[in-house]
Every structure is written in C-alpha cells, then in structure tokens.
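Peer 1: okay, here's the prediction I keep looking at, along with the sequence it came from:
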There are 2 protein chains.
Amino acid sequence: MADDINSPVPGVTPKAAYHHGDLRAQLVAAVRDLVETYGPDGFSVSEAARRAGVSSAAPYKHFRDRHEILRGVVSEAMDRLFAGMEAAAAAYPVGSLEAMAAVGQAYVDFAKGEPGVFRLVFGLTEGHENAPDLLAKGESCFGVVVQAVAACLDLPLGDRDVQRRAYMLWSFVHGHSFLHIDMKTRVTTAEIDDWDYLMTISRAILARPARP
Amino acid sequence: MADDINSPVPGVTPKAAYHHGDLRAQLVAAVRDLVETYGPDGFSVSEAARRAGVSSAAPYKHFRDRHEILRGVVSEAMDRLFAGMEAAAAAYPVGSLEAMAAVGQAYVDFAKGEPGVFRLVFGLTEGHENAPDLLAKGESCFGVVVQAVAACLDLPLGDRDVQRRAYMLWSFVHGHSFLHIDMKTRVTTAEIDDWDYLMTISRAILARPARP
DNA sequence: GCGCGAATGTCAGCAATCCTCACATTTCAC
DNA sequence: GTGAAATGTGAGGATTGCTGACATTCGCGC
C-alpha cells in the first residue's frame, strides 16, 4: 500500500522519489482534495497534474488511467477508515455494546468528515470490482464489525449468526451514512443523534427476535 | 407511454412532439439505458443524441445541460420506485409485518433490477440538492415506509417513534441495497435471502428495546 | 389559405479532457 | 563511467460539453 516515503534510503522505496520528489503520492493527495471539493466526477487528471506542478502527461507515468488514480485514493481512504474503526473499538471494553456502537460511529464519522471520498469509496463506478486489494480492505473493515459483534454475543468469529448480525449493523450504518451525506430526508436525519441512534441499533441487532 | 414527463422548465411540458416526435422522452430513455449499461459516469449527451438519431446539439433545446437530463432520468425512476413500494405495501394486510418487509423488498428489488439508475438516484453528484421536486419524491417514498411502520405500531404517522423506526428501516434497506450492488462483501451478501432478511429486520425494528 | 413567431433541429466551432507518442533528462545498478 | 530504466515534457488526435448562427417546421391568428 503506502510507499509514500520520500526518503533517500535505497532499497526500501525504489520508486516515488526521482525527479519531482514524490509525484505519485502528491497526485493522490491532489485527487483526494478535488474529489472532496467537487465530487467524484468533478475531478480531472489535468487539474490534479496542474496542482502538482507537472505536465498533464506526467500522471500517466504512474497510473495507467484516471481510474487507477481514483483507486489509489480509495485505497488510502480505506486504510484510514479501517484504522478509525479499530481505534474506536479499542476505546471501549471488549464485548461491550459501546464498542459495537463505536465501530459504527467511526464509520459514520468518516462519511460525514469526507463525504466526497466516502462516496467514491463505496459508490464505485468501474474497474474497482477487479481490484482484489480493495476487496480485501473492505473485508478487513467488515472484520472489525464482526469482531465487535462476536465479542458481544460471546460467539466465535465464523459463527453464521455473528456474520449475519454484523452484516445487519453494517447495512444500517452504511445506509445511514449515505442518507445523511446525500441529504435525503434532511429533516429526519438532521435531528438524529448518531450515538443514541447507534446504541439503539446495536441493541436491536443483538436482541434475539422470535424466529418463526 | 405518453408520460407527462415532469418538466422543471415551465411552459415546455405539453409539447415535446414537434419535429422529431418525442425527443425529450426519447433522450431520457436513452440516457437511462446508458446509465444502466455503463454506469452513471459512462454517459454522454453526444451518445444519447446519437441513439435518438439527432445531432449532438439537439438535446440542448430540451435540457439546459447534462445534469438536467440526468435529473429527468432520476425523476422518472423515482416515480417507478414509489409506485413499486406502494404496490408492495398494498399486497399485504395493512399493519402486517409482511407489508413492512414488502416495502423494503420493493426497494431492494429496484436496486437490484437497475443498479445503475439506483446509484444515480441516490448517489447524486451535483445540482440535485436544489431540486425540490426530487426532494419531494424522496419524501413520498419515505412516506410509504412511515405508513407501513405506523400501521404496524398502530400509531399516528407523525409520531416521533414511528418516524424514527421508519428511518431505521430505510437506512437498513438502503445500506443493504448499496452493499449488494457494489458487491462489497460479496460472500456475505450473496448468501442472504432478502425476504427472510427483511422480515428479521422488520421484527427487530418493531421490537421495543429496553431504553437505558 | 397565409404569414409570423416560436419551437425545434443542424452545422461549425471553441475549450477542455483523456490518453498516446516521440523525445529529453535524471537516477540506479554495475 | 555507461547503459537501461524511470521519470519528465510537449505536441497532438479523439471525444465531449456547450454555444453561437442559421435553417426548418409547427401552431395560430387573420
């Protein structure tokens, strides 16, 4: 993932520090800003190159096409999302309801903090399905949820019920994030206190409803 | 299908059948197909015009810019979504758990049936926030959910708890839809039976968790 | 019928974009 | 040092969004 170290140490990071200094990372950063400011489609390779101070052809020495740059942004963003979710879980006792809600809260916070990037990460358009590294990072994030749920229920990670409830939490949080940043039903979402909402959700998910 | 395509531009509605025949509607249909096939960003006005058999400048006699065409597609799609949700609710007894789940199922079906359009409707990029008609249609769809939940709980529509639980169902269904069509966690979502899932969710939402 | 204005279409063209090519320059490995 | 690879530049083709000027057709009052 991040070979964004612009150190002159040879052998560790053979690339990304030649002429310009670390164009690759700088392009990704520029694109991230552009996406955040103008939305996922308000981005252009030319503008990113302009911001990095290079010609409009330079990016193509580092990325095959525009989609690959976006994939770079997504990859970096998912690392941050994963870190945020893990940190949130670690802030509460293992197996506590709060830990479960906190994981969701981290997710929502990310979406609210950088809605443009969030939309890019999860509203992918093309070329992303075949990226196994992104899939893996998504599964890692899901793993954090699974872990929190499994701890609450005191069941193994692979348990089918754990997986199912973890997925419930994820869809919930995912939907809430999108509805919020897309400002659908603005009246409703505006008056929602996230933490209270997430605690309620977590409780509802953990409760064992009567199966027919 | 002489649909009275809702026009944000006043004074244009009753026409749309001069030279070409019904270019406006045909353009919207072409764009819908393009969006569905190539994704929300794989669409171009030129291609739509080409498919409609007109010059690349003709669309601009009917739409101010490309975003307005997309808005037309979104508007038409939301009408269909609304109709589907209402029909689903009407297929079960008022106040039944099944009616509630069916509304969610209609939502998920729409997302699965035309994922590209669904992404366009809810993953809006620009110029949509200011469209009051689209906002209103979104609220109408939410209203169907509210109605189903209110009937289940036997409470008035405006009840705060009803609104809250309806929003829960919506976030759930919304998140599930997106996770499915984006093929995140493909393993997990692939093995989920929607109806069973939605019934479980509905039950969990209706259950009154112990408030702290 | 007829003529006029508005609605609807075409064509040409500008600016921006994505991406490729040929070429220049810098760095690394030896 | 030297050669190869990596990294940059500039020019340019193809496509696109959108805007003019112009041509055509429709609806409507006479």
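Peer 2: That came in fine, so what should we check first?
Peer 1: just want the most central residue of chain A.
Peer 2: residue A:78 (3.7 Å; CA atoms, centre = their mean).
Peer 1: surely it touches residue A:138?
Peer 2: Yes. Assessed by CB atoms under 8 Å, residue A:78 is found in contact with residue A:138 at 6.9 Å. Heads up, the C-betas are built off the backbone N, CA and C, glycines and all.
Peer 1: what residues go with each domain of chain A?
Peer 2: Taking automatic domain parsing as the domain assignment, the ranges for chain A are A:8-63, A:71-206.
Peer 1: residue boundaries of the strands in chain A?
Peer 2: Secondary structure of chain A (DSSP state E): no strands located.
Peer 1: for it, what are the low-confidence residue spans?
Peer 2: A:1-19, A:124-130, A:183-191, A:209-212 (pLDDT under 70).
Peer 1: just give the nearest non-adjacent residue to whichever residue of it sits closest to chain B, would you?
Peer 2: As assessed by CB to the nearest CB, chain B sits closest to residue A:175 within chain A, at 2.9 Å. Nearest non-adjacent residue to residue A:175, counting by CB to CB, 6 or more residues apart in numbering or on different chains: residue B:175, 2.9 Å away.
Peer 1: need the CA coordinates for stretch A:102-121. CSV is fine.
Peer 2: The C-alpha coordinates for stretch A:102-121 follow below in CSV (Å, rounded to 0.1, in the frame of the first residue of the first chain):
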residue,chain,number,x,y,z
ALA,A,102,-18.4,3.0,18.4
VAL,A,103,-17.3,1.0,15.3
GLY,A,104,-20.4,2.2,13.6
GLN,A,105,-19.8,5.7,14.8
ALA,A,106,-16.3,5.7,13.3
TYR,A,107,-17.9,4.7,10.0
VAL,A,108,-20.4,7.5,10.2
ASP,A,109,-17.8,10.0,11.2
PHE,A,110,-15.7,9.1,8.2
ALA,A,111,-18.7,9.5,5.9
LYS,A,112,-19.5,12.9,7.5
GLY,A,113,-15.9,14.0,7.6
GLU,A,114,-15.1,13.4,4.0
PRO,A,115,-18.4,12.7,2.1
GLY,A,116,-16.8,13.0,-1.3
VAL,A,117,-14.2,10.4,-0.6
PHE,A,118,-16.7,8.2,1.1
ARG,A,119,-19.0,8.3,-1.9
LEU,A,120,-16.0,7.5,-4.1
VAL,A,121,-15.0,4.5,-1.9
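Peer 1: so who does residue A:122 touch?
Peer 2: A:174, A:178, B:178, B:182, B:184 (CB atoms under 8 Å, 6 or more residues apart in numbering or on different chains).
Peer 1: my guess is the third one contacts residue A:178, does it?
Peer 2: Yes. The pair formed by residue B:178 and residue A:178 meets the contact definition of CB under 8 Å, at 6.3 Å.
Peer 1: which residue ranges of chain A form helices?
Peer 2: Shown for chain A, the helices assigned by DSSP state H span residues A:23-38, A:45-52, A:66-90, A:97-113, A:115-122, A:132-153, A:160-181, A:186-190, A:194-206.
Peer 1: residue B:132 is nearest to which of those?
Peer 2: Shortest distance between residue B:132 and those, using CB to CB, is found for helix A:186-190: 11.8 Å.
Peer 1: what about residue A:67, neighbour count?
Peer 2: 15 (other CB atoms under 10 Å in any protein chain shown).
Peer 1: now it: how far from residue A:35?
Peer 2: Applying CB to CB, to the nearest Å, the value for residue A:67 to residue A:35 is 13 Å.
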